[in-house]
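> Here is a sequence together with a model predicted from it:
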Amino acid sequence: MIPPGSLIRTQQWKLYVGFAGLGISGLAMFFDASVAALFSVSRYMPTLVGTFVGLLSFAWLSLVIRCSNCGLRFFWHAVSSKTAGGWLAWLVAAEKCPRCGQ
Ligand SMILES: [Zn+2]
C-alpha cells in the first residue's frame, strides 16, 4: 500500500501494472514446462515470452512513473541511484521530488 503523502500516490496503478507484468514474467519462466504443456507450445516459448514481458514491464515502470512538474522518472531514479535493498522503500515513501522539490 502506498502511503497518503507519497509522491507516486496518484500513479500507484502504474506500479501495480508493472509489478504484475514482472510477476507474470517470473511465473512463465519458473514454471516453463507446465506453461508450455498448458498452452501446447514449445518448452522455450514461456521463457522467450516471459523475458519479453519482463523487459517490457521494466521499461514501462521506468518510463511512465514520472514527476508531473519536471518529468523525473521516479522508478528509474530509484533503481539507478538507491541501494538494492532501499530503492522500493524510497520510491514508496518519498514525498518530494529530488529534482524539483514538489
Ligand atoms: Zn520533479
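Right, received. Where do you want to start? Numbering: from 1, shown residues only.

> Mind telling me what element the nearest residue to residue 17 once chain neighbours are set aside is part of?
Of all residues not flanking residue 17 in the chain, residue 60 sits nearest, at 7.0 Å (CB to CB, 6 or more residues apart in numbering). In short, each C-beta sits where N, CA and C put it, glycine included. Using DSSP states H and E, residue 60 maps to helix 45-64.

> Kindly give the local confidence score, pLDDT, for residue 95.
With respect to pLDDT, residue 95 scores 94.

> Show me what from this protein comes close to the ion.
Within reach of the ion by CB under 5 Å from the ion, the chain has these residues: 67, 69-70, 72, 97, 99-100.

> just the buried members of the residues you listed?
Neighbour counting by 16 or more other CB atoms under 10 Å classes 67, 72, 97 among the residues of the chain next to the ion as buried.

> for stretch 59-77, which positions count as buried?
60-62, 65-67, 72-77.

> how about the residues you listed in CSV, adding pLDDT?
Output for the buried residues of stretch 59-77, formatted as CSV (pLDDT from 0 to 100):
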residue, pLDDT
60, 97
61, 97
62, 97
65, 96
66, 95
67, 95
72, 97
73, 97
74, 96
75, 96
76, 97
77, 96
